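Peer 1: Please find the sequence and the predicted model below.
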Amino acid sequence: MATEVKKKEGETLSAFLYRFSKKVKQSGVLKEAKKRRFRGRSVNRNKRRTSAIYRTRKAEEVRRQRKYGRFQ
């Protein structure tokens, strides 16, 4: 996804920068870079498994507490 803009003959620097920034926005390069900026590392299988077990146990506990009227 390379954006290439060449300066036209007699074109001012401000006009060139305006045209360049417009071209970059239209190409979606910045949007893609911002989207990928804070992408974290993928969680390993064991961590996913333990968190899933924790969630199911926690949900069961909440269900049990609701049954006895201790959880709103």
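Peer 2: Everything's here; your move.
Peer 1: outside of the longest helix along the chain, which residues touch it?
Peer 2: Using DSSP state H, we find that the single longest helix of the chain is helix 45-67. With C-beta atoms under 8 Å, 6 or more residues apart in numbering as the test, helix 45-67 has contacts from 43, 71. Every residue, glycine included, has its C-beta placed from N, CA and C.
Peer 1: let's see it at 7 Å
Peer 2: Under the contact criterion C-beta atoms under 7 Å, 6 or more residues apart in numbering, helix 45-67 has outside partners F71.
Peer 1: Residue numbering should commence at 19 henceforth.
Peer 2: All right, first residue 19 from here; so that's helix 63-85.
Peer 1: Where does the residue nearest in space to the middle of the chain sit: helix, strand or coil?
Peer 2: Nearest residue to the geometric centre of the chain (C-alpha atoms, centre = their mean): K53, 4.4 Å. State at K53, reduced to three classes by DSSP: H, G, I helix; E, B strand; the rest coil: helix.
Peer 1: do the same with T21
Peer 2: When classified by three-state DSSP, T21 comes out as coil.
Peer 1: Please apply the same query to G87.
Peer 2: Going by three-state DSSP: G87 is coil.
Peer 1: what number of residues lie near it?
Peer 2: Per other C-beta atoms under 10 Å, the neighbour tally for G87 reads 7.
Peer 1: okay, the worst-scoring helix or strand of the chain on mean pLDDT in CSV with CA atoms only?
Peer 2: In the chain, no helix or strand scores lower on mean pLDDT, DSSP states H and E than helix 47-55, which sits at a mean of 86. Extracted in CSV, the C-alpha atoms of helix 47-55 (Å, rounded to 0.1, in the frame of the first residue of the first chain):
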residue,chain,number,x,y,z
VAL,A,47,-2.7,4.0,5.3
LEU,A,48,-3.0,6.1,8.4
LYS,A,49,-6.2,4.5,9.4
GLU,A,50,-4.7,1.0,9.1
ALA,A,51,-1.6,2.1,11.0
LYS,A,52,-3.6,3.5,13.9
LYS,A,53,-5.7,0.4,14.0
ARG,A,54,-2.6,-1.8,14.3
ARG,A,55,-0.8,0.5,16.7
